[in-house]
Structures are given as C-alpha cells and as structure tokens.
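> have a look at this prediction, sequence included:
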Number of protein chains: 4
Amino acid sequence: MNEKKRVLIWNEYRHEQINEKVKAIYPKGIHHAIGEGLGSELEIGYATLEEVEHGLSEERLNETDVLIWWGHKAHREVMDEIVERVYKRVLAGMGLIVLHSGHFSKIFKKLMGTTCNLKWREADEKERLWVVAPGHPIVEGIGEYIELEQEEMYGESFEIPTPDELIFVSWFEGGEVFRSGCTYQRGQGKIFYFRPGHETYPTYYNDQIRAVIRNTVHWAAPTTRPAPSFGNRKPLEKLKSQQEV
Amino acid sequence: MNEKKRVLIWNEYRHEQINEKVKAIYPKGIHHAIGEGLGSELEIGYATLEEVEHGLSEERLNETDVLIWWGHKAHREVMDEIVERVYKRVLAGMGLIVLHSGHFSKIFKKLMGTTCNLKWREADEKERLWVVAPGHPIVEGIGEYIELEQEEMYGESFEIPTPDELIFVSWFEGGEVFRSGCTYQRGQGKIFYFRPGHETYPTYYNDQIRAVIRNTVHWAAPTTRPAPSFGNRKPLEKLKSQQEV
Amino acid sequence: MNEKKRVLIWNEYRHEQINEKVKAIYPKGIHHAIGEGLGSELEIGYATLEEVEHGLSEERLNETDVLIWWGHKAHREVMDEIVERVYKRVLAGMGLIVLHSGHFSKIFKKLMGTTCNLKWREADEKERLWVVAPGHPIVEGIGEYIELEQEEMYGESFEIPTPDELIFVSWFEGGEVFRSGCTYQRGQGKIFYFRPGHETYPTYYNDQIRAVIRNTVHWAAPTTRPAPSFGNRKPLEKLKSQQEV
Amino acid sequence: MNEKKRVLIWNEYRHEQINEKVKAIYPKGIHHAIGEGLGSELEIGYATLEEVEHGLSEERLNETDVLIWWGHKAHREVMDEIVERVYKRVLAGMGLIVLHSGHFSKIFKKLMGTTCNLKWREADEKERLWVVAPGHPIVEGIGEYIELEQEEMYGESFEIPTPDELIFVSWFEGGEVFRSGCTYQRGQGKIFYFRPGHETYPTYYNDQIRAVIRNTVHWAAPTTRPAPSFGNRKPLEKLKSQQEV
C-alpha cells in the first residue's frame, strides 16, 4: 500500500509538434503538463505514438498501475495489436483514464461497445463542471464545480453505455450539457472518462483539473487479488445426480 | 402502439441437426420452440446461420423490432460484416435478447466490451433463478423464482460490465451463483442477457422461461423518437466571444 | 394489458386559490392541466390536500396504478398516516411520479432516504432538458431536448440517492445543471422524479412535458406478479445438518 | 492521508450478556471481535446501546470517520434522536457499515427508504459469498468466494433499493441466494451492507470476513471537500431577463 503507484501517460503528441499555438501552451507536450500536475507521490512515466510499439510494450504495461490516454487526430494510427494488449491489461486490473478526445480512441470504443460519438464546437466558450457524486474519492478536495473560462464544447447525446458512476456534468455557455466524468468497471479494471483538455487551451495547468486526475489515479489503481478463473469446473457441492450413481 | 411487434429469432441451428439427443428435444430447432412460446401477440420470423447473410439482410433487420440470439458452437462462422450490421441496428434502437451460450457470440462481446467469460459444467443439475428486481416488466407474472430441474451450470465470475439492471440471480446445486438476467442499454437499443437454455434440456418449453422471453420482447422493443445527432454544432445560445465581435 | 391504467393526480391546490397569477394560468388547478394532458387512453382521477384523508383513502389508493404528486408550500400539512399509506402502496407496486417542488414532499424524502435539498432561483430563465437515456420509454417521441422559455431554476447539488436511471439533465441560463428526470425502484414500485412545473409558468400545457408524463404513467404502472414474501422459511433443499440426524 | 482513520464500532451488546452460547463465542462482545480484526492501522473505538446516548454523542460522531453497526433484538430501543444524529453525520460524509441483522436497524431503514425485509432461517447451513465486483477495493485480497461452514440464511427478496454497487452474492445450502454486499451513497456518505455475522457463529473471527470489513473502512472513509450548499442562489451567468432591464 505504501509503494508509489506507477502511472504511464500516453500522448499521441502530434498537435504540439505541428501547431504553433498548441506548442506555445504545451512546449514539452500535453503528457508532460499532465505529469507535472500529478505531484511527487506517484511514479510517472511517458509514452507516445511515435515510439516503438507506441511505447506500450508488454513489459511496460505490466509495470503500469494506471494508464492515462490522450489522443485526437491519429487514433487510426494506433496499431490494433497494441490496443488488444492494453485491453487485456485493463481487464486484468490496470486503471485507465481516458481524456477529452480520447473518447474516439480505439481502446475506449472497444471497452465501451458503442460509437462514443458526441456533439462538439470550438468557440472559446465557458465550461462549468458540476460535481454530482459528492462523496466520491475522485472529487476529493474539489468544490461544487470547476470553471474553465475557455474550452471546446462536447454535448449530448454522448453515445456511451450508462456510466457505472456519473461524477461530473458539464454546463456549456452555448446551451449544452455533457456527462463529463464517467466511471466504468471492465473485468478487474477501473476506467474514468474525463472530458476537459482541448489542445488549444491550458486546461492541464488548472489546479482542480490536475487534482481530479491525481485523485483518479489513486482510485483507478489495481485491486490486488487473485485473477478470476474461467472454464469447466467440478461442483463444490455433491450433486444428486452423483449421489444416485 | 397497437401494431404487432416484430421478432426475429436467430439460431445457429447446428446441434439440432447433428446431435440425436438435441434433435429429439427440439425437432424443428430451438428457434421454433422459442417462437411457439411467444404467443400470438407478436409477429415472429426465423433466421439461421446457414441462410444467405445468415438470414440477416439489411432489409430483414430494418423490419425487426427485437432480435433473439441463440448460438454456441459456431460463433466464429458468423461473418464480421453481419455482426457489424446487427451492432448498428442495436445502437439505432432494435432490441436484442441474447440467450445462454450466446454470451460468447461476437455481437454480445462487441456490445459489452469484455470477454464475457464464465465458469461452466454440464452435470444435469438444478438451477433456481431468483428474481431480484421485483417490479421490472421482464418479470411480469413470474413468482419469486423459476426452478429448472436440469440445466448446465454457469458460474461467476462472469466477465461482463456491471449490468444496468440485474433481474435474476441463479442458484446452482453445485454451489455457484450467476447473474442470469442482465439488462444493458447501448445507443438507443435495449439488451437482455438471459442465461438458461442449454440445448440438451427442454428449457424453452418451460412456461415461465417462455413468459420471461415474451415479456422481454415487449420491454426491448424500440422507443420511437428522432435518432440522436452527432458532430459539429452551432451554439444554441449567444456566446460572449460572439457578442464581443 | 388492454384495460385502461388508472392515474390519480394529487395536488396541494393552494397557490391556485390564493395567487392571482397562478390562478390565471391554472384556473382549474395544476392537477387538471396535468390530467388534460394525459389524453384519453388513461382513466384519470383527482385528489387534493383539503379533501378528507387528502383524497387518498385506502380504497382510492388500492384502485390507483400510478399516483402523480404536486406539492409545494403545504408539505407539512400532509398527515404522516397518509404518507405511510402511500409509502406502502408504492412498495406494493403503485407507480409514483413526483413533480417539481414535490422533491420536498414527505413521501419523496421517505422513499429516498435523503434530504432532497437543492439550489433554486425564480428568475424567469430558460431551461433546456437534455435526454441522456436515448432508448428509454419515458422519452418516447421526445427530441434531443425540451426547451422551456421560462422556469424556476433548480441546481446541483441535489441531495438524492444516485438515480437507478438518469433520463434528463437540465441546462439553465444562469449557469447551473440539474438531474431533472430520475427513476428509482422501491419494493415493487417504480418512481420518477421530474423537475419542471413551477406554478407561475404554463409548463404543464407544454406538449412535450405532457408527453413525458404520459409516457411515464405507462412505464410506472404496476407489474402484475405475486407479492414477495418475507420471514422465516424452510429450506428448499435438504441440508447436511438434517441428513445427519 | 497518513492519519489513522477513526472507526467506531457500535454493538447492541445484548445476546452476549444473556445467551451462554453467544457469550462463549464472543466473551467481550461482537464489537471487540470485530475491532480485533481491524488491525493496527486504524484508530478503533467502541460504543454500545446501554451507554449514555448509546455512546453516540454529537462529539463522538464528529470524531468518527466510519461507524460500524451491529444490532438485532433491540432495534426499537435505539432513540429516534440518536438515529437522526447518525443520519445527519452520514449525509455529511461519515461512512457506515451495517452488519447482518442491522438490516432492520432504524438507521439503515431510514437511509434506504424501504422495509429492508428478507427471508431467514437458522439451520447451521453453509454460505458461500461470491465476488461479483472483481476490481472493487472492498474485495482487495479476497479470492473468488468466501465460504462459511455455518451461518444463518438470509434470502431474496431483500426489500432494498437497487444497490449502487453489488459486491457479493451469497449461495446458501438450502437453495436461496442473497445480495450480501451492497454499497450505497447517501449525501456525502458511503454505506456498505454486509450480510454475514449471526451471533451464534464465530463469523467475525474469519480472516476473510475481517479483511472485507477492514477494506470497507478504507473505502467508506470520508472524502474531504467543502460541504454542498443548498437554497436560493444568484445566477452565475447574466440572464437575458436582467439584461433587458
């Protein structure tokens, strides 16, 4: 329990290299801004699309307690084989935090079983994330809402399965709402989808957004217990059909 | 509302043709036994694996309100293209009832986002399905439990997402329990997984099992409303950024 | 199934008698405006606070499939004995639709187990109720959202248990969101809390609001099945402790 | 985070004083057996029915992170005023673990909003608690099931609200099942109902039962954040109605 939890922050890392505006906000990449917000209690690593196996080797994943995922314009370039690998690790207990446009990542869609489609708009508008699960560990230290002066809008319908727990609901200046913080359990793994974080805004420097991600790492870390077993099984109790023989 | 709901019962239809024991129980196939149990209030059709496009043409699915799925040994033979087609229809509102070993069908695994693995045993043992959602329309007319003298055992862990609603929990003679009746919403579609129905037992002639399936057809039929829309949207309210211009 | 469902609309019926503005909008009382919106497929009755036993005699409740509740300024005047009676009927299967300020009614708080407290503001502002459960029968015929030009604001935190199903989320002009349509199961009874309907606005004449209430009556009507039984029970299977004797 | 969580174990403490069999198993009372199982990482206190204010003074509750409740034959003797006090503390964030026959305690029924009735039998029979939420922190270190050679049977229907999370389902030798581990959120408080623990069996000496209770204390401890606020509120955004003036 006292060992540091191991977080791996995965970033597509494209916008920051080709878009001056994004580069100015996140000169070392979104992944580093997120990592710097996690504080010193966690062991933090980074991986990006361009690395061999996208930086997600079998070994690396096996040494990861919680994987954070940011992707947007290159979802298709993520190899199916790696998606399958991440999928198995999640079912085996690794936590997964999917950020913003990661809603359309292969791994999230595969785990959800839906299109994860939504409405969107880039118009520098205000977002206010209201807490609707007031005692949840993910909102430790968070007030009634988080206000972001400028963000991209994501609006309902959001084609996801009903969340196991709904933590945040966003209000947008333009008239929409969105289920912005959603937890899911898949196998032994815990998943959190967290909406904010468009690349053209400094969202990942916001203290409360950082606190939510940090809290979520603690929440999503694996529960240590024997893996469930499947397949053909002998009865635990004597059956009548056996007794009669 | 007064029009007959259109049910399509899909069966792999293999065991009944090659296994004498199964053929003796279900001479016309499991699909016909299910269909005969649905009564006259519904419009019933049938489709099987061997048909062109597995009997699941675009047209046929578009004319289907609720699809019932029974498969076991030939899950792999179901073409991915047809799975994709059924998937889209479910998201668009078609109900889906997945029976027994259909837990391992491509369509169910795709919609769930998990392996749907479980424990199993064929030992002619007693199953008792207890109702744990006492006011749900799926259990209309059903007593506190349904008892089946002989069934295959399915036991936990059952690697599924947490059900939106848990309707039945099974007790098995050999010492296991199982979440036997689970509802899910995916897109506009309603899904029910219902455990009983191993091919070597006359389960689909049981009046209460038939009542549950019949009730579920009514529950799972599409809700008529405009399809949700997705993508880029103009604001519904005037934005400050616009006003300033 | 073909018999008409019996709806009883209960209204405190005070504002309409003492406030000219409300009287002008609802001259026959809010209950009648709601009733007129339910159409001819239902059998509709009315009851108000001033009647003997608040119009909620044992007999009357026993003949009711779904009870609709509107109250605001006289929650305390509702007798505990009658609340207990309604409570038992809900657990036994009667549907309950709690409207707007009914969130603070004795019956709703008793069934929820929380304070049901919230934020509020009367400022003639716009409300937009977004559908977040796209396939639910409660939203049959309803588009992506319902817009109300003027309504009272109710804002989060709303101190309720996590809804079994969240159907609507409201956006308010003033910056808040609210879980506006929430289902709960209690015993065999189905409950729906539906936010809109402040007495100074003509909300219950809105076609879509009426459609939601009408849909909900169908959804909340009792499921017919034997009442669950409780207490001391003999084993259904032979116990080892018995066999050894 | 590093401070010890403060647990208060409340026991009715009657059976142990008047029943020789129970006294032999729990000579210092059930509360002490539970406390000894919690280990040294927690700060543990005790309170019983006979104490002034049942040992649950305002001060004491304010210094409690998680309250554990065991009661059976004297539920009625618990004063309503104290129940109200515990209720408010739970809504304000104190965790509550309700054990076994505590299902009929005033505090549990008040928080649930239902009768919490069930079936029961004392027949020295086997219980097997199956884990159905494989990644939940409450089952840290727990295998696929916990087996108890002899326990009282509790069977469905269990008249509770649908649990927010279902953690355990019990199999009983006599043929019943039961939702044995259920979480609920009420206000800012987290609640866990955990079935086992009849006074005539040494259940609270079982290592796995103790581990579950210990895990639950960590899970149920309060989330630190500002209390939600309620009541009349000014708009966070400028309203059209205001702008026009």
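Looks like it arrived, so ask away.
> residues in contact with A:Y26?
A:16, A:32-33, A:199, A:204 (CB atoms under 8 Å, 6 or more residues apart in numbering or on different chains). C-beta coordinates here come from the backbone N, C-alpha and C atoms, glycine included.
> now for these: which two are most distant?
With CB to CB as the measure, no two of these lie farther apart than A:H32 and A:E199, at 13.4 Å.
> higher neighbour count, these two?
In terms of neighbours (other CB atoms under 10 Å in any protein chain shown), A:E199 is the more surrounded of A:H32 and A:E199; the figures are 23 against 18.
> for the more buried one, give me the pLDDT.
For A:E199, the pLDDT comes out at 98.
> pretty sure it is in contact with A:E16, am I right?
Yes - contact status for A:E199 versus A:E16: in contact at 7.4 Å, counting by CB atoms under 8 Å.
> joint contacts of these two?
Counting by CB under 8 Å, 6+ apart, the contacts common to A:E199 and A:E16 are A:22, A:26, A:30.
> and these as CSV, adding secondary structure, distance to A:G175 and pLDDT?
Listed next are these as CSV, based on DSSP: H, G, I helix; E, B strand; the rest coil; distance: CB to CB, whole Å; pLDDT from 0 to 100:
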residue, secondary structure, distance to A:G175, pLDDT
A:V22, helix, 27, 98
A:Y26, coil, 29, 98
A:I30, helix, 28, 98
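> show me which of the residues you listed is closest to B:I142.
Nearest to B:I142 out of the shared contacts of A:E199 and A:E16 is A:I30 (CB to CB; 52.7 Å).
> and for the closest one, the neighbour number?
Neighbours of A:I30 (other CB under 10 Å): 24.
> how about the strands in chain A?
Assigned by DSSP state E, chain A shows strands spanning A:5-11, A:42-48, A:66-70, A:95-99, A:119-131, A:145-155, A:165-172, A:177-186, A:189-194, A:231-232.
> got the CA coordinates for the second one in PDB?
What that stands for is strand A:42-48. C-alpha atoms of strand A:42-48 as PDB (Å, rounded to 0.1, in the frame of the first residue of the first chain):
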ATOM      1  CA  LEU A  42       3.400   8.900  -7.900                       C
ATOM      2  CA  GLU A  43       6.000   7.200 -10.100                       C
ATOM      3  CA  ILE A  44       5.400   8.800 -13.500                       C
ATOM      4  CA  GLY A  45       6.400   7.600 -17.000                       C
ATOM      5  CA  TYR A  46       5.600   8.800 -20.500                       C
ATOM      6  CA  ALA A  47       4.900   7.100 -23.800                       C
ATOM      7  CA  THR A  48       4.000   8.500 -27.200                       C
END
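> what mean pLDDT does it have?
98.
> before we move on, what about the shortest one?
Per-residue pLDDT values over strand A:231-232 give a mean of 97.
> do the longest one as well
Taken as a whole, strand A:119-131 has a mean pLDDT of 98.
> tell me which residue lies nearest the centroid of chain A.
A:I97 (1.7 Å; CA atoms, centre = their mean).
> run through the residues of chain A sitting next to chain C.
A:128, A:130-134, A:144, A:155-158, A:162, A:165-166, A:169-172, A:175-177, A:179 (CB under 8 Å from any CB of the partner chain).
> report the entries of those that also contact chain D.
Among the residues of chain A next to chain C, chain D is touched by A:128, A:133-134, A:144, A:165 when using CB under 8 Å from any CB.
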